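> no sequence for this one, just the structure:
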């Protein structure tokens, strides 16, 4: 099966990487183009059930203090 | 508008970060759980048209030698 895991900084957490990219984009376009938040994206090809991928996302791919994750089966 | 940009290593490109995570997962679960490829995920809140976000993805968020990108309007 193919799974996609998306890991994002929690809403309340500042995202310095996103802020940095926003600045670069502002310089490039000559104007503010909006807010950017940066996360991680994982494509997993596995014969394991979704629960295993949830555990992988929770224990290894994300930090549950600062990040939220989502597992999508595709 | 809300846009999502996903940046992935091109198929032909080795993904050492993915390979490293695969190893960690293998140790954690005690077995091979499949292949993992790592990309980047951007959430952009912008009033600009999709073309601007495409240009941002192409020029700033990705490296067109090693990565593919996708812009999704949501």
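Yep, that arrived. Predicted model, so just to flag it, every value in this text is computed and none were measured.
> Same question for the helix or strand hosting residue A:69: list its buried residues.
According to DSSP states H and E, residue A:69 maps onto strand A:67-73. Judged by neighbour count using 16 or more other C-beta atoms under 10 Å in any protein chain shown, the buried positions of strand A:67-73 are A:67, A:69, A:71. Where you see a C-beta, it was placed from the backbone N, CA and C, and this is true even at glycine.
> what residues are up against the last one?
Going back to what we said before, that points to residue A:71. Neighbouring residues of residue A:71 by C-beta atoms under 8 Å, 6 or more residues apart in numbering or on different chains: A:3-5, A:50, A:53-54, A:57.
> what does chain A have sitting close to chain B?
Within reach of chain B by C-beta under 8 Å from any C-beta of the partner chain, chain A has these residues: A:6-8, A:18, A:21, A:24-25, A:28-29, A:33-48, A:52, A:56, A:59-61.
> Among these, the buried ones, what's the ChimeraX command?
Buried members of these, defined by 16+ other C-beta under 10 Å, are picked up in ChimeraX with:
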select /A:6,7,8,18,21,25,33,34,36,37,38,39,40,41,42,43,44,46,48,52,56,60,61
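> follow-up on the earlier one: can you list which of the contacts of residue A:71 are found in helices?
Judged by DSSP state H, the subset of the contacts of residue A:71 located in helices is A:50, A:53-54.
> Now list the buried members of those.
residue A:53.
> Please enumerate the strands of chain A.
In chain A, strands defined by DSSP state E lie at A:2-9, A:35-45, A:67-73, listed in chain order.
> Take those strands and lay them out in CSV including mean pLDDT.
Supplementary listing: the strands of chain A in CSV, determined by pLDDT from 0 to 100:
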stretch, mean pLDDT
strand A:2-9, 97
strand A:35-45, 97
strand A:67-73, 97
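> mind putting those strands in a markdown table, distance to residue B:14 included?
Supplementary listing: those in a markdown table, determined by distance: least, C-beta to C-beta, whole Å:
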| stretch | distance to residue B:14 |
| --- | --- |
| strand A:2-9 | 20 |
| strand A:35-45 | 15 |
| strand A:67-73 | 25 |
